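Asks: sharing a sequence plus its predicted fold:
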Amino acid sequence: MDWQSSSSQLRKKIRAVRADNFESLALEVFHHQFRYNPLYRAYVQLLHIDAEKVQKLSEIPFLPIQFFKTHTIQTGDWKPELFFSSSGTGKAPTNSRHAVRSVDWYLEMTENIFQTFYGQLEDFCVLALLPAYLERQGSSLVLMAQHFIDRSQHPRSGFFLYNYPELLEVVRECQATKTAFLLLGVSFALWELSEQFPENLNNGIIMETGGMKGRRKEITREELHRILQDAFQVSAIHSEYGMTELFSQAYSEGNGLFHPAPTMRILTRELTDPLCQQRAGKTGAINIIDLANLDTISFIATDDVGRVYEDGSFEVLGRMDSSDIRGCNLLLY
């Protein structure tokens with residue numbers, strides 16, 4: 001079977017992935033990527049791992065996320081439609097770049113994942129407060145938000161920069177008509193909104209995506225959420241966990257506890273031994289399996305530090321000391 005046929009079959013399986021067949025499908029994806037991704041194959045071989053003997057998730061090697069800064073990662077032979085790029089902070093010498101074989105595949109995944117957690121996008125007025133992301137090229141978050149806006153079909157859905165009064169006018173209209181709204185915002189902009197226009201924002205979901213971008217003093221997510229809850233008079237602030245290197249997202253309905261997409265599995269590894277996975281409940285560096293990354297790499301060793309629980313939910317507690325600060329995730333957890 002050639003890589004195109006293999007990829008086509010795996011896409012169908014990924015669309016229908018369930019918790020009870022996740023491991024077997026992840027192993028299929030591993031063998032597919034070992035065979036058709038030269039960089040990953042070389043990495044596995046340098047670790048002296050016999051791919052044919054890999055039969056469990058715990059035996060799959062995870063590619064360090066830094067490779068997205070130095071290589072174009074591809075499984076198969078295809079021409080990228082575009083590249084996602086991380087924003088960085090100006091401190092990192094090179095930002096991450098993620099080649100995208102199919103924009104439609106990415107948008108299909110993001111839509112399905114969101115609707116798994118929150119229901120149909122058509123039921124929301126989608127308000128995207130993402131000023132820093134709109135001011136640069138290559139943001140996967142902006143592309144996702146644009147798709148959500150398009151799918152919502154609400155006439156007042158849209159992007160907002162620093163026009164906070166206009167944003168609040170739309171929110172009030174939604175409240176008056178009992179229309180659910182999704183306010184998806186970068187952290188520093190939501191903080192500014194809460195300071196300048198504290199107002200009851202019930203009847204909707206307020207979701208932060210991280211990202212102080214050097215604009216504000218760094219505070220913990222818990223502190224930020226408390227500020228926003230008090231200002232907007234809501235019981236919880238939701239969060240989205242995603243990054244340039246992932247096609248899948250995880251969501252939190254509050255309290256910093258994230259639930260991964262059906263296409264996603266979070267594991268942790270020992271901080272001092274990158275090849276040693278650890279049991280649930282222990283703090284470690286985060287490894288991510290993202291089956292939606294079929295055409296690049298699905299097994300990524302990140303620089304985030306966190307804790308995974310028995311039910312698959314997880315917390316993000318910070319970053320490893322030696323890692324670059326990422327523009328999309330500057331909160332101190």
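Replies: That came through, no problem. Only a predicted model underlies this, so the values are computations on that prediction, with no experimental measurement involved.

Asks: need the residue closest to the centroid of this structure.
Replies: Gly242 (1.3 Å; Cα atoms, centre = their mean).

Asks: care to break the chain down by domain?
Replies: Domains of the chain are assigned by automatic domain parsing as 3-77+263-319, 104-241.

Asks: nearest to Phe83, out of these?
Replies: Set against Phe83 and scored by Cβ to Cβ, the domains of the chain come closest in domain 104-241, at 6.0 Å. Just so you know, the C-beta spots here come from the backbone N, C-alpha and C atoms, and that holds for glycine as well.

Asks: ends of the closest one, what's the gap?
Replies: From the first residue to the last, domain 104-241 extends over 21 Å; the measure is Cα to Cα, to the nearest Å.

Asks: repeat for stretch 151-163
Replies: First-to-last distance for stretch 151-163 - Cα to Cα - comes to 23 Å.

Asks: one more: stretch 72-85?
Replies: Per Cα to Cα, stretch 72-85 runs 12 Å from first to last residue.

Asks: next one: that stretch to chain centre, how far?
Replies: From the chain centre to the centre of stretch 72-85 is a distance of 18 Å (Cα atoms, centre = their mean, to the nearest Å).

Asks: list the buried residues in that stretch.
Replies: 73-76, 80, 84-85 (16 or more other Cβ atoms under 10 Å).

Asks: which of those fall in strands?
Replies: With strands taken from DSSP state E, the overlap with the buried residues of stretch 72-85 comprises 84-85.

Asks: let me have the buried residues of stretch 72-85 in TSV, adding pLDDT and distance to Phe67 as columns.
Replies: Formatted as TSV, those follow (pLDDT from 0 to 100; distance: Cβ to Cβ, whole Å):
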residue	pLDDT	distance to Phe67
Ile73	98	6
Gln74	98	12
Thr75	98	13
Gly76	97	17
Pro80	97	16
Phe84	96	15
Ser85	93	15
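
Asks: residue ranges with poor pLDDT in the stretch 51-200 of the chain?
Replies: Applying pLDDT under 70 to the stretch 51-200 of the chain flags residues 88-93, 132, 134-135.

Asks: identify the farthest-apart pair in the buried residues of stretch 72-85.
Replies: Spanning the widest gap among these are Gly76 and Ser85, at 21.3 Å by Cβ to Cβ.

Asks: surely Leu27 and Ala51 touch.
Replies: No: applying Cβ atoms under 8 Å, one finds Leu27 not in contact with Ala51, separated by 10.4 Å.

Asks: run through who's touching stretch 19-34.
Replies: 3, 6-7, 10, 13-14, 17, 40-41, 44, 51, 54-57, 60, 75, 262, 265, 289, 291, 294, 297-299, 312 (Cβ atoms under 8 Å, 6 or more residues apart in numbering).

Asks: list the buried residues in that stretch.
Replies: Neighbour-count burial for stretch 19-34 flags 22-23, 25-30, 32-34 (criterion: 16+ other Cβ under 10 Å).

Asks: likewise stretch 195-205?
Replies: For stretch 195-205, burial by neighbour count (16+ other Cβ under 10 Å) applies to 201, 204-205.

Asks: what sits against Ala236?
Replies: By Cβ under 8 Å, 6+ apart, the residues touching Ala236 are 225, 229, 253-255.

Asks: swap the cut-off to 7 Å and go again
Replies: By Cβ atoms under 7 Å, 6 or more residues apart in numbering, Ala236 lies in contact with 253-254.

Asks: check which helix or strand it maps to.
Replies: For Ala236, there is no host helix or strand (DSSP states H and E).

Asks: and the gap between it and Phe62?
Replies: Distance, Ala236 to Phe62, using Cβ to Cβ, to the nearest Å: 32 Å.

Asks: sec struct for the closest residue to Leu57 other than its chain neighbours, please.
Replies: In space, and not counting its chain neighbours, Leu57 is closest to Glu23: 5.4 Å by Cβ to Cβ, 6 or more residues apart in numbering. Three-state call for Glu23 (DSSP: H, G, I helix; E, B strand; the rest coil): helix.

Asks: so for Glu23, what's the pLDDT?
Replies: Predicted confidence (pLDDT) for Glu23: 97.

Asks: from Arg265, how far out is it?
Replies: 8 Å.

Asks: show me what the host helix or strand of Arg307 is packed against.
Replies: Per DSSP H and E: Arg307 is located in strand 299-308. When contacts are defined as 3 or more Cβ pairs under 7 Å, 6 or more residues apart in numbering; DSSP states H and E, strand 299-308 packs onto strand 63-64, strand 264-270, strand 283-290, strand 314-319.

Asks: go again using 10 Å as the cut-off
Replies: Under the contact definition 3 or more Cβ pairs under 10 Å, 6 or more residues apart in numbering; DSSP states H and E, strand 299-308 sits against helix 22-36, helix 38-46, strand 63-64, helix 67-70, strand 258-260, strand 264-270, strand 283-290, strand 314-319.

Asks: what's near enough to touch Thr72?
Replies: Residues near Thr72 by Cβ atoms under 10 Å, 6 or more residues apart in numbering: 39, 80, 83, 97-99, 296.

Asks: quick one, helices of the stretch 51-200 of the chain?
Replies: For the stretch 51-200 of the chain, the helices defined by DSSP state H, counting those that start in this stretch occupy 67-70, 103-118, 131-134, 140-152, 164-176, 187-196.
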